[in-house]
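Colleague: Okay, predicted coordinates and the sequence, questions at the end:
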Amino acid sequence: MPRVLWAQEEIGLCGILRFYGLKLFSGPIFDDINPGGSLIVQNGYLLVNNLCALAGYYCAAAVIDRPAIGRKRLQMCSFSICAVVFMITAAVFESAPSAVVMMLYFSSSFFGNFGVNVTTYVMAAETFPTELRGTFHGLSAFLGKLGALLATISFGYLSTADIFWACAAAAVVGLVFTYVFSVDLTGVSLAEHDAQLELLYAGKPKRYKGKLNDPKHLSNFELWTGRHGTYDPQWVQKLINDERTKESKRAIIRNQSSHLKEEGADSSTTGDLRDQVLKEDEVLMTESAPASCVVRGGDKTI
């Protein structure tokens, strides 16, 4: 979990640094692209740029839940295209016609929002258990805003071409972190995190064998290093069956205890049975809680 938090923070920093840097300095950038342009013309460019960004948001929302695409692929695609566009823009900024540079800038706004500016928030919100989600999402957002602060301070000392080079570098770093450390949880119930946390608190983390251990939902870092648990597609169903078995066993013990009490058995015998019932109750509560979390969360495999 700390590894995931750290990765989300770094990705947020790279994404927000690029986003806020370009937005905060969009005025000077447009002045350099179209020197001598009137205020109405410059505002018109800003409007077109914002419309391109808005279109990117809607396109991302339309495809982010498709299993063939998902969060991680969408984010990597966005970082990759933005890195290439920023590099081209920086390389041709002084020589290319203003219209070409403007189109490159508009395309960076579209592809920046068609992915990174959506996935960084979605992935941070669904990567952590309910009990820790608000805190860890806040930490991820904090480092993202630190990226905005860095852009605000540093971009003022850079030329427009250098700003695009800096954004390209941030996109490349974000791409690397996404590829190595990010997990794609498309289609995974948020309750899986709660089940994993329940077993962690119970001191039995290896008993979790749910979807978070499925290779397709693991990061490359986890796959390369082997730092993950075992995946069993029938894990939840087996937990439920174990719960039912223990419930039946508990009922039998209680019936035996009541029967012996009615027959006047000594207190030590009934006491032993009562202790056994309490022990079974404790085991049942500890081991059935994760299954209950997933079932309540609407796991589609059940």
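Modeller: It's in. Numbering: from 1, shown residues only.
Colleague: could I get stretch 131-138 in PDB with only the CA atoms?
Modeller: What follows is stretch 131-138, C-alpha atoms only, in PDB (Å, rounded to 0.1, in the frame of the first residue of the first chain):
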ATOM      1  CA  GLU A 131     -11.000   3.400   6.000                       C
ATOM      2  CA  LEU A 132      -7.800   5.000   4.500                       C
ATOM      3  CA  ARG A 133      -9.100   6.400   1.200                       C
ATOM      4  CA  GLY A 134      -9.700  10.000   2.200                       C
ATOM      5  CA  THR A 135      -6.300  10.300   3.900                       C
ATOM      6  CA  PHE A 136      -4.300   8.700   1.100                       C
ATOM      7  CA  HIS A 137      -6.300  10.500  -1.600                       C
ATOM      8  CA  GLY A 138      -5.500  13.700   0.200                       C
END
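Colleague: Mind listing what's buried along stretch 146-157?
Modeller: Of the residues in stretch 146-157, 147-148, 150-151, 155 count as buried by neighbour count, 16 or more other C-beta atoms under 10 Å. To be clear about C-beta, it is placed using only N, CA and C from the backbone, and glycine gets the same treatment.
Colleague: need the contact list for residue 106.
Modeller: For residue 106, the contacting residues are 48-49, 52, taking C-beta atoms under 8 Å, 6 or more residues apart in numbering as the criterion.
Colleague: Show me the helices in the chain, by range?
Modeller: For the chain, helices defined by DSSP state H occupy the ranges 2-24, 26-33, 39-63, 70-92, 98-113, 116-126, 130-154, 160-181, 191-201, 220-225, 235-262, 267-296.
Colleague: How is the protein partitioned into domains?
Modeller: When the chain is parsed into structural domains using automatic domain parsing, the resulting residue ranges are 2-181, 191-296.
Colleague: Quick check: which of those is buried the most?
Modeller: For the domains of the chain, the largest average neighbour count (mean count of other C-beta atoms under 10 Å) is found in domain 2-181, namely a mean of 19.
Colleague: pretty sure residue 42 contacts residue 30?
Modeller: Yes. Taking contact to mean C-beta atoms under 8 Å, the distance of 5.1 Å between residue 42 and residue 30 places them in contact.
Colleague: Redo the helices of the chain as TSV? Include mean pLDDT and distance to residue 213.
Modeller: Conversion of these to TSV gives the following (pLDDT from 0 to 100; distance: least, C-beta to C-beta, whole Å):
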stretch	mean pLDDT	distance to residue 213
helix 2-24	58	14
helix 26-33	71	44
helix 39-63	88	26
helix 70-92	91	17
helix 98-113	88	33
helix 116-126	84	16
helix 130-154	79	19
helix 160-181	88	17
helix 191-201	84	9
helix 220-225	89	9
helix 235-262	69	9
helix 267-296	53	13
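Colleague: Quick one: closest of those helices to residue 212.
Modeller: Residue 212 lies closest, by C-beta to C-beta, to one member of the helices of the chain: helix 191-201, at 5.2 Å.
Colleague: Can you tell me which helices and strands the closest one packs against?
Modeller: Using 3 or more C-beta pairs under 8 Å, 6 or more residues apart in numbering; DSSP states H and E as the contact definition, the elements that helix 191-201 packs against are helix 130-154, helix 267-296.
Colleague: Find the residue closest to residue 128 in space, skipping its chain neighbours.
Modeller: residue 136 (4.4 Å; C-beta to C-beta, 6 or more residues apart in numbering).
Colleague: Looking at residue 206 now. What's its pLDDT?
Modeller: At residue 206, the pLDDT value in this model is 84.
Colleague: separation between it and residue 51?
Modeller: Relative to residue 51, residue 206 is positioned 51 Å away (criterion: C-beta to C-beta, to the nearest Å).
Colleague: And residue 229, by the same measure?
Modeller: Note on residue 229: its distance to residue 51, by C-beta to C-beta, is 46 Å.
Colleague: swap in residue 140?
Modeller: The spacing between residue 140 and residue 51, counted by C-beta to C-beta, is 28 Å.
Colleague: ditto for residue 80
Modeller: If you go by C-beta to C-beta, the gap between residue 80 and residue 51 works out to 23 Å.
Colleague: Ok, residue 176 next?
Modeller: From residue 176 over to residue 51 (counting by C-beta to C-beta), the distance is 31 Å.
Colleague: Find the nearest non-adjacent residue to residue 207, please.
Modeller: If you skip the residues right next to it in sequence, residue 207 has residue 199 as its closest partner in space, 5.1 Å away by C-beta to C-beta, 6+ apart.
Colleague: Likewise for residue 86?
Modeller: On the basis of C-beta to C-beta, 6+ apart, the spatially nearest residue to residue 86 that is not a chain neighbour turns out to be residue 168, at 3.6 Å.
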